[in-house]
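Colleague: Here's a sequence, model it:
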Amino acid sequence: MPSFVYKIWVKNRQDCCFGELPELQIVLRNSKQTINASCKVYNWKAHQKRLMICEPSIMATNLTIFASGAHNLTLCEVMVNAAGMYNCNK
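Modeller: Numbers count the residues shown, from 1 in each chain. Predicted structure coming up:
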């Protein structure tokens with residue numbers, strides 16, 4: 001179901017150094033559009049977590065996480081929070 005992506009949690013692997021987790025970029029897509037998400041990034045180094053709060057820009061059907069310049073990228077957990085469009089005129 002198409003949804004507005006607004007929050008993404010990334011938890012790094014415990015056997016990897018969080019400081020090496022590269023800058024991540026989020027690409028949102030639907031059948032008509034592909035855009036780079038505009039997200040504010042917060043790091044919790046003690047818990048090996050990164051929070052990305054994104055502007056809800058398009059109704060996305062999928063997203064891609066990538067790190068430009070990284071040779072490879074391994075993420076332990078990714079949680080995506082999204083909301084659909086609600087009809088308030090009932």
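Colleague: Just the CA atoms of stretch 36-44, as CSV, please.
Modeller: What follows is the C-alpha trace of stretch 36-44 in CSV, where atoms were taken according to Å, rounded to 0.1, in the frame of the first residue of the first chain:
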residue,chain,number,x,y,z
ASN,A,36,15.7,11.3,-2.7
ALA,A,37,14.1,11.6,0.7
SER,A,38,14.9,14.7,2.8
CYS,A,39,15.8,13.3,6.3
LYS,A,40,17.3,14.7,9.4
VAL,A,41,19.7,12.2,11.0
TYR,A,42,20.3,11.5,14.7
ASN,A,43,22.9,9.0,15.9
TRP,A,44,22.8,7.1,19.2
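Colleague: And the contacts of it?
Modeller: 5, 8, 18, 23-28, 49-55, 57, 63 (CB atoms under 8 Å, 6 or more residues apart in numbering). Every residue, glycine included, has its C-beta placed from N, CA and C.
Colleague: From those, keep the buried residues only.
Modeller: The neighbour count (16 or more other CB atoms under 10 Å) marks Val5, Ile8, Phe18, Leu24, Ile26, Leu28, Lys49, Arg50, Met52, Cys54, Leu63 as buried among those.
Colleague: least confident pick among the residues you listed?
Modeller: Among the buried ones among the contacts of stretch 36-44, Phe18 has the lowest pLDDT, at 55.
Colleague: Check the gap between Pro22 and Asn36 for me.
Modeller: 16 Å (CB to CB, to the nearest Å).
Colleague: hmm, back to that, for the buried ones among the contacts of stretch 36-44, could you give me TSV that also reports distance to Cys76?
Modeller: Shown next, in TSV, are the buried ones among the contacts of stretch 36-44 (distance: CB to CB, whole Å):
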residue	distance to Cys76
Val5	20
Ile8	14
Phe18	11
Leu24	14
Ile26	17
Leu28	22
Lys49	10
Arg50	11
Met52	16
Cys54	20
Leu63	18
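Colleague: Now the two most distant members of those residues.
Modeller: Phe18 and Leu28 (25.1 Å; CB to CB).
Colleague: measure Pro22 to Ser3 for me?
Modeller: From Pro22 to Ser3 the distance is 26 Å (CB to CB).
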